[in-house]
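>>> Here you go, sequence then predicted model.
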Amino acid sequence: MTEADLIKGLIAKDEGAWKTLVDQYQILVYNVCYGFLQNSHDAQDLTQDIFIEVFNNAHKFRGDSKLSTWLYRISSNRSLNFIRNNKKWRFWKELSSFFVDDERGESQESEEPMDSDEKYELQERSRLLYDAISRLPENQRIAFTLHKIEDLPYTEIAEVMNVTLPAVESLMHRAKVNLRKTLTPVLK
C-alpha cells in the first residue's frame, strides 16, 4: 500500500488502512513519545491517543512531507503538551553519552564497572542534564531531543519542526551553548 493509498484509506475510515498505519508506525510513534516522557506506560497511552487522532484527522494531512514526518511532528507536540499539562517531568534514559567534550571527543563515561558512588554521581549528572534540557527554550529542546534521543538528521528535524535547515543548525548550536553554560559550573 502506497502512502497516498494509506491516507485515502484513513480518510475513508478503512480498517485495513488503520491496521497498516499502526503496523508500520507504532514503533516510531512510541519511541518519540518515550524519548520525551521516559515512561513506558505514559508513552503507550499517548501512542494510542496519537493514532486515534491521526485516524480522525487524516484529512488534514496535506502531503507536503512524508507521513512519518507528520507523525514525528504530532508525536513531538503531543508529548510536549503531555509534559506541560501533567507536570510529569521524569528522568530520561541514560544521558551520560551527552557528557562529551566536543573538542577532544573524549567521553567522561568509564568502561569499567561502576561502584555505588559512581552510579550515584552518574544519576546526579543525568538529573542535572535533564533539568538543563527541560529549561531550554521549546524549539531548542525539541531540536535537541529529536537529534540526540531520536537520532534524526537535521534535514528531517527541519521537516518535523517546519523550519529551515540553517534554523535547525542554529537551534542545535544554541542548545549546546546553553547546556554548557548551565552545566559547566555544576559539573566541575
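Okay, I see it.

>>> Give me the helices and strands touching whatever helix or strand Arg141 lives in, please.
Counting by DSSP states H and E, the element that carries Arg141 is helix 138-148. Using 3 or more CB pairs under 8 Å, 6 or more residues apart in numbering; DSSP states H and E, the elements in contact with helix 138-148 are helix 15-37, helix 67-86, helix 116-134, helix 154-161, helix 165-187. For glycine as for every other residue, the C-beta is placed from the backbone atoms N, C-alpha and C.

>>> roughly how far out does the last one sit from the chain middle?
What it means is helix 165-187. Here the centre of helix 165-187 is set off from its chain's centre by 17 Å, with CA atoms, centre = their mean, to the nearest Å.

>>> Give the buried residues for that helix.
Residues 167-168, 171-172, 174-175, 178-179, 182-183 are the ones in helix 165-187 that count as buried (16 or more other CB atoms under 10 Å).

>>> how about these in TSV, adding distance to Met1 and pLDDT?
Output for these, formatted as TSV (distance: CB to CB, whole Å; pLDDT from 0 to 100):
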residue	distance to Met1	pLDDT
Ala167	34	95
Val168	31	94
Leu171	35	95
Met172	35	93
Arg174	41	94
Ala175	38	92
Asn178	43	90
Leu179	42	87
Thr182	47	85
Leu183	46	81
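
>>> If you drop the residues flanking it in sequence, what lies closest to Leu165?
In space, not counting the residues next to it along the chain, Leu165 is nearest to Ala158; the distance is 4.9 Å by CB to CB, 6 or more residues apart in numbering.

>>> quick one, what contacts the one you found?
Shown in contact with Ala158 (CB atoms under 8 Å, 6 or more residues apart in numbering): 164-165, 167-168.

>>> Show me which residues of stretch 30-42 are buried.
Across stretch 30-42, burial judged by 16+ other CB under 10 Å covers 30-39, 42.

>>> any idea which of these is least confident?
Lowest pLDDT among those: Gln38, with 79.

>>> Next one: that one from Leu136, what distance?
For Gln38, the distance to Leu136 (CB to CB, to the nearest Å) stands at 16 Å.

>>> now Arg180
12 Å.

>>> do the same with Glu169
Look at Glu169 and Leu136: by CB to CB, they are 16 Å apart.

>>> Kindly state the domain boundaries assigned to the protein.
Listed domain ranges for the chain are 3-86, 96-187 (source: automatic domain parsing).
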